[in-house]
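# 3D, please:
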Amino acid sequence: RVNKWRRWHTGVRERYFISCLILTQHHEMRICWTNIKFDNAGKYFQTPWTGFISTVLYRFLHLRYGFGRMKISCRVRGDWFHVPCKSNKLTIKWLGDEALRRYLKLRPPSFVPNREESVHDIRKTLGGAILDPADRIEDVLDDNDFVSIVLETDRPNPDLSDAEVKFVTSQIPGGKFELPDEYIGLDGNSLSTDDLLQLGKGRYKIRLTKEAEEKVKASRNVIDNIVRDNRVVYGITTGFGKFARTVIEAEKLEELQHNLIRSHASGVGRALSPGKTRMLLALRINILAKGFSGISLGTLKQLVDAFNASCLSWVPEQGTVGASGDLAPLSHLALGLMGEGSMWSPSTGWGEAKYVLESHNLTPIKLEAKEGLALINGTQLITSIGAEATERAGMIARQADVVAALSLEVLKGTSRAFDSDVHKLRPHKGQGVVARRLRSLLHSETYPSEIAQSHRFCDRVQDAYTLRCTPQVHGITHDTIEFVRGIITTEMNSATDNPIVLPDRGETISAGNFHGEYPAKSLDYLAIGVHELAAMSERRIERLVNPAYSELPAFLVKDGGLNSGFMMAHCTAAALVSENKTLCHPASVDSLSTSAGTEDHVSMGGFAARKCLQVVRNVEKVIAIELLAACQAIEFLRPLKTTMPLEEVCKVVRSSVAPWDKDRYMSPDIHAVTRILKDEKVWNSVKVYMEDYHSKQDIETRVFSPSTFTLGEQRPHIANGRKRKISLGDGRGKYAKLQNGQ
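Model (predicted):
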């Protein structure tokens, strides 16, 4: 029945749009604006009436009963299946089950035989919205729509995982993470902090040395003899902690070790990053390679294989008190290697550990007597995080010296405070190193500075402490880092198990090498030492942005008031320094008795390590802000140039961050310069110049300063200076202090 029609002219042809009301015995449905074409005389139809009626009926039947071959593309583990839906009563649950049925029938490359599969949830491919299984398909999907079927056994995408499991695919500069080809041999005796950091970055795979393999075998033989002779030995044939006097039956010794890992995997908090987990696993392998733990060579090689494939367990960062070692985090590390819990690899993302291992053709470890205890007794979480903190502290400390030199230069300070004869009178190693470094960067015969020459006869008597005391303050930081590096390196190559297995004597001894007091105390000390770099830097930033000190435009920007320049950047630095003051409170001064009084003194080294690393991160950001400010300040002194090494520093910064002509979004600039410092680009840009200076210049340059007086030499007359704004041809106002005779 044609209820109504419309007609209008469209040039040569006319189009009629017909609305139809279809009546059936029980239902009626209106199909609106079905389009058929007539010629302008209305005599010949491009679509015959029979075709029109067929079209109307088709649409009615499709909408009412679902007839009409609606198709949905379903993705199961990377493979797509076209699923026709022949009824409008079909639900989303039916769609998931049908897609899974086709997946199991067709067996694509991602199919894993002999595994029971079921649908976990169904999501729209575009946007990832979860679909309710009870909804009808026609209500929530369109024809030729795309959905993703997530199976219970799938390895979930990190974005869809629980909030605590937050990893992304590991990346390195230049592209996606690729497994390395180079190997580093571990023997338990020679690993350095830098080696461990490079292992964490994925630069090397691991292999055991032949000597280490022989020691591991000898150690395991002792354990096998104890089990065979049915001797009562702590952790091998007894329970743990308060249960040390409980003897375990021989047939339950393997169950004992598995239970130990499961019960002790009780950590909480954010997961360690892939790099930190790699470091943790590599360090545990190194300790086991010493051959005093009693682990079997086969199990140890399974750990090596997992590391080389970058199969990394989910390890939360909180839960260790640092004695008996880092039990909770190391248990999580071992749990994933057992095929339980969560695991991550670059190629699979997050998933159940057994499937991640399976996808790399690896099998879960099966623990024998003592092996569970061997995997979790030790200070490897404290030490691995401490190694990263130590290395990063060393890198930022070296570059903080360079940035301090640049700040002194633009603030028109003097280098006379760094005279070698002065520092020989107080011969601390770090102090002398920093003074020598500053002399090589500042004005000299080898690297003259036009900026230094411009204020040669100024009337300043002496500089602020944050400038002239840089060797004394930065120096103790360098000495602190070296002291801590020695302790951390020793800890990295120490047997920290309990009981210790002594193969040469054929016995085990319960002792206390697992106690984390050494790395805990040293990392508290490191946090205090490296914080001072930021404390000095923040005060230099204040001098740079304050026109009363710098004689430069306020907050280092033109048109102050309209522009705010580095005002809030200085506030950010101040906030970070204040945060560090709280973080520098020692964690290791605290102790709480645990394990029913058995472990009655603990180190709290896990927190000491984590907060120490956070202090280092904050210091990196503060130094980055100072470097940005110093490079901005020097723009107002152009066209004068500084020394060649400091000009190279400016070039490095300007390769990533442009000068500030007016206000802009600052956070990306801070992030970019922080990355420059973390990559050591500032240090690498000046290193060759410092070496060249020391090879060429035996006698240091001693510039004139009003703060010095040389017998027999008349002090030159200092005229009152006056400020004048000058134009340098680039449209920017520059400030210089002009003296008589200059």
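# CA only for contacts and neighbour counts going forward, please
OK.
# quick one: residue 417 and residue 466 touch, right?
No - here residue 417 does not reach residue 466: they are 11.8 Å apart, not a contact under Cα atoms under 8 Å.
# who has more neighbours, these two?
Remark: of residue 417 and residue 466, residue 417 carries more neighbours, 23 against 19, as counted by other Cα atoms under 10 Å.
# what about the residue nearest to the more buried one when sequence neighbours are not counted, neighbour count?
Nearest non-adjacent residue to residue 417, counting by Cα to Cα, 6 or more residues apart in numbering: residue 468, 5.7 Å away. The tally of other residues near residue 468 (other Cα under 10 Å) stands at 19.
# return the residues in contact with residue 468.
With contact set as Cα atoms under 8 Å, 6 or more residues apart in numbering, residue 468 has these partners: 414, 415, 417, 418.
# sketch out the low-pLDDT regions of the stretch 301-450 of the chain for me.
For the stretch 301-450 of the chain, no stretch has pLDDT under 70.
# how about the helices of it, start to end?
With helices called from DSSP state H, counting those that start in this stretch, the stretch 301-450 of the chain shows them at 327-337, 353-359, 371-376, 380-410, 420-424, 429-441, 450-454.
# so which of these is nearest residue 671?
Between residue 671 and those, the shortest separation by Cα to Cα is 14.8 Å, and it involves helix 380-410.
# mind checking how far the residue nearest to the spatial centre of the chain is from residue 154?
In the chain, the residue lying closest to the centroid (Cα atoms, centre = their mean) is residue 273, at 5.9 Å. Residue 273 sits at a distance of 22 Å from residue 154 (criterion: Cα to Cα, to the nearest Å).
# for the stretch 1-150 of the chain, which spans come out with low pLDDT?
1-69, 127.
# look up how far residue 667 lies from the residue nearest to the centre of the chain.
23 Å.
# export the contacts of residue 468 to TSV and tack on distance to residue 111?
As requested, the contacts of residue 468 are arranged in TSV below (distance: Cα to Cα, whole Å):
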residue	distance to residue 111
414	72
415	71
417	72
418	70
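# quick one, strands of the stretch 601-742 of the chain?
For the stretch 601-742 of the chain, the strands defined by DSSP state E, counting those that start in this stretch cover 722-727, 733-738.
# could you do the stretch 451-600 of the chain as well?
Ranges of strands within the stretch 451-600 of the chain are 500-502, 507-509, based on DSSP E, counting those that start in this stretch.
# now for these, which one comes closest to residue 642?
strand 500-502 (59.3 Å).
# now for that closest one, which elements pack on it?
Counting contacts by 3 or more Cα pairs under 8 Å, 6 or more residues apart in numbering; DSSP states H and E, strand 500-502 packs against helix 210-228, strand 507-509.
# for the stretch 51-200 of the chain, just list every one of the helices.
For the stretch 51-200 of the chain, the helices defined by DSSP H, counting those that start in this stretch occupy 92-106, 137-140, 193-200.
# buried sites along the last one?
When burial is assessed from 16 or more other Cα atoms under 10 Å, helix 193-200 yields the following buried residues: 193, 195, 196, 197, 198, 199, 200.
# quick one: mean pLDDT for stretch 566-577?
For stretch 566-577, the mean per-residue pLDDT is 97.
# tally of neighbours for the residue lying closest to residue 371 once chain neighbours are set aside?
Leaving aside its sequence neighbours, residue 371 sits nearest to residue 295 (Cα to Cα, 6+ apart; 5.2 Å). Residue 295 has 28 neighbours, counted by other Cα under 10 Å.
# ok, now residue 599?
Residues lying near residue 599 (other Cα under 10 Å) number 15.
# try residue 492
Residue 492 has 27 nearby residues by other Cα under 10 Å.
# quick check: the gap between the residue nearest to the centre of the chain and residue 118.
31 Å.
# for residue 682, give me its contacts.
So residue 682 contacts 399, 402, 649, 652, 676 (Cα under 8 Å, 6+ apart).
# sorry, wrong one. I was asking about residue 353.
Residues near residue 353 by Cα under 8 Å, 6+ apart: 313, 336, 337, 338, 339, 340, 341, 342, 343, 344.
# same thing but at 10 Å, please
By Cα atoms under 10 Å, 6 or more residues apart in numbering, residue 353 lies in contact with 155, 311-314, 335-345, 359, 364.
# go on, residue 529?
Counting by Cα under 10 Å, 6+ apart, residue 529 makes contact with 393, 473, 474, 475, 476, 477, 478, 479, 480, 481, 523, 584.
# run the last query once more with 8 Å
By Cα under 8 Å, 6+ apart, the contact list for residue 529 reads 476, 477, 480, 481.
# shouldn't the last one be in contact with residue 394?
Yes - under the criterion of Cα under 8 Å, residue 481 lies in contact with residue 394, with a separation of 6.4 Å.
# sorry, back to before: right, so the strands of the stretch 451-600 of the chain: which one is the most enclosed?
Most buried of those by mean neighbour count (mean count of other Cα atoms under 10 Å) is strand 500-502; its value is a mean of 21.
# check the offset of that strand from the chain's centre.
On the basis of Cα atoms, centre = their mean, to the nearest Å, strand 500-502 sits 36 Å off its chain's mean C-alpha point.
# please list the residues outside it that contact it.
Outside strand 500-502, the residues that touch it by Cα under 8 Å, 6+ apart are 219, 222, 291, 292, 293, 294, 507, 508, 509, 510, 511.
# make a PyMOL selection of the buried ones in those.
Applying 16+ other Cα under 10 Å to those, the buried members can be selected in PyMOL as follows:
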select buried, resi 219+222+291+292+293+294+507+508
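# so what's the residue count around residue 378?
Counted by other Cα under 10 Å, the residues lying close to residue 378 total 30.
# could you measure it against residue 322, distance?
9 Å.
# who touches both of these two?
Contacts common to residue 378 and residue 322, judged by Cα under 8 Å, 6+ apart, are residue 515.
# returning to that earlier point: and which of the contacts of residue 529 is nearest to residue 701?
In terms of Cα to Cα, no member of the contacts of residue 529 lies closer to residue 701 than residue 476, at 25.0 Å.
# against residue 561, how distant is the nearest residue to the closest one once chain neighbours are set aside?
The spatially closest residue to residue 476, leaving aside those adjacent along the chain, is residue 430, at 5.8 Å (Cα to Cα, 6+ apart). The gap separating residue 430 from residue 561 is 43 Å, by Cα to Cα.
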